[in-house]
Structure formats: C-alpha cells, structure tokens
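1. Test case, fold it:
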Amino acid sequence: MAQLRIALAQTNPEVGDLAANADRIVEWTGRATERGAHLTVFTEMSLTGYPVEDLVLRASFVDASLAALEALAARLAGEGLGEMPVVVGYVDRADLAPRAGQPKGAPLNAAALIHRGQVVVRTAKHHLPNYGVFDEYRYFVRGDRLPIFRLHGVDVAIAVCEDLWQEGGPVAVVAEA
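-> Got it, this is the predicted structure:
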C-alpha cells in the first residue's frame, strides 16, 4: 500500500515580510526533511502573511510575491532541500482583462508546489469567504484550476482553506477524479 508522510508546518507568517516568511519556510522544510517527510505543506499565504487585505491591490506587492516564490524555489534547491516537494501559499495574479467589479490587478489567493528548484504547480482558492472578518471576494478573483499530482504512489490535490469543506466544491471534484 502506498504511503505518504506529510509534514504540516504552521509558521505564523507576518503580513508583508516576505524575506522572514521565506526564512521560516526554508527552516521548516529542513525540519520536515530531517524527520523523513515526503511532502511539506504550509498554510494559506505562508509566504505573504494573512490577511494581506489592500496590499494585494498594489501591483508591486503581487510582483514581490511572485519574485519571492521563484527565489524560494531556487533557495530550497540551493540549500539541499530541492528534493522535498513543498506546498506554499502566496499571492498570484490571474491573466484577466480588467473589468468592473473585479479587484484591481486580478490577484489570486494562491498555492504552489515547489520541487527541484522550480514552481511546478500553481492553483488558487475557488471559494472566497465574505463574512465576519473575511472580505476575500473584494480582494481576490476565484481560482479556476484543480491540479492533482502523484507523489509516492498517492494522488494529491491542492485545496486552499474554504475549498476543503464546500459541498460540491473542488474536493468533491477531486474525489470523483
């Protein structure tokens, strides 16, 4: 029977401190590697901090998030951690033409799979909460991808927060796949 050892890393990222958050990701990936994990999974927006709120409406912040993600992939490989697949949360940008009612720059609450110095899979949150302290519908556009990859003989899908428990949502689609 296939087995997959997953290290779940909750690192308490700081909003906007991409460098410190990347340092934590590298540190905890090292710990997971030492303990024999096959996959390290970080929290929603672990690279950017959460909630990012109006920062995502600044193109410079989204650009910084994207650059930090690529730098993190290279750094993990450079520090001998490239063989450890890592799922990390960050801010991405959808390739959408501007339109009324869409957040400026079409930012995505995203997650990526990093492996061997590369960003190999990208996805984004589908269900954007708009209740209580959450106002994600104002800040983000919905994701439209549902990547599934195989690791150690196990099919793995990446879902972000609310996507996990929405009836008929991405997880239900994964179950069918």
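
2. Please count neighbours and contacts with C-alpha atoms only from this point.
-> OK.

3. Tally up the residues packed near residue 97, please.
-> Summarising burial for residue 97: neighbours were counted as other C-alpha atoms under 10 Å, giving 8.

4. Please tell me how far it sits from residue 152.
-> Separation of residue 97 from residue 152 (C-alpha to C-alpha, to the nearest Å) stands at 39 Å.

5. and if you look at residue 69?
-> 24 Å.

6. Between the two, which is the more surrounded one?
-> Set side by side, residue 69 and residue 152 give different neighbour counts by other C-alpha under 10 Å, the larger being at residue 69 (25 against 12).

7. The more buried one falls within a strand, correct?
-> No: assessed with DSSP: H, G, I helix; E, B strand; the rest coil, residue 69 is helix; it does not lie in a strand.

8. Local confidence estimate at it?
-> The per-residue pLDDT reported for residue 69 equals 98.

9. Same question for residue 173.
-> 81.

10. Doesn't it lie inside a strand?
-> No: the secondary structure assignment for residue 173 gives helix rather than a strand, going by three-state DSSP.

11. Show me what counts as buried in stretch 43-58.
-> Of the residues in stretch 43-58, those with enough neighbours to count as buried (16 or more other C-alpha atoms under 10 Å) are 43-52, 55-57.

12. Next, count neighbours for residue 10.
-> Residue 10 has 14 neighbouring residues, counting by other C-alpha under 10 Å.

13. any idea how far it is from residue 63?
-> With C-alpha to C-alpha as the criterion, residue 10 and residue 63 are 24 Å apart.

14. how much space between the spatially most central residue of the chain and residue 130?
-> What sits nearest the mean C-alpha location of the chain, by C-alpha atoms, centre = their mean, is residue 111, with 1.9 Å. Distance, residue 111 to residue 130, by C-alpha to C-alpha: 20 Å.

15. re the thing from before, give me the distance between the residue nearest to the centre of the chain and residue 93.
-> In this view, residue 111 and residue 93 are 12 Å apart by C-alpha to C-alpha.

16. ditto for residue 27
-> Distance of residue 27 to residue 93, given as C-alpha to C-alpha: 27 Å.

17. For the two, indicate the residue with more neighbours.
-> Set side by side, residue 27 and residue 93 show more neighbours around residue 93, with 20 against 13, by other C-alpha under 10 Å.

18. and the spatially closest residue to that one that is not a sequence neighbour, how many neighbours does it have?
-> Spatial nearest neighbour of residue 93, chain neighbours left out: residue 107 (4.4 Å); criterion: C-alpha to C-alpha, 6 or more residues apart in numbering. Look at residue 107: counted by other C-alpha under 10 Å, it has 25 neighbours.

19. Then residue 1?
-> Summarising burial for residue 1: neighbours were counted as other C-alpha under 10 Å, giving 4.
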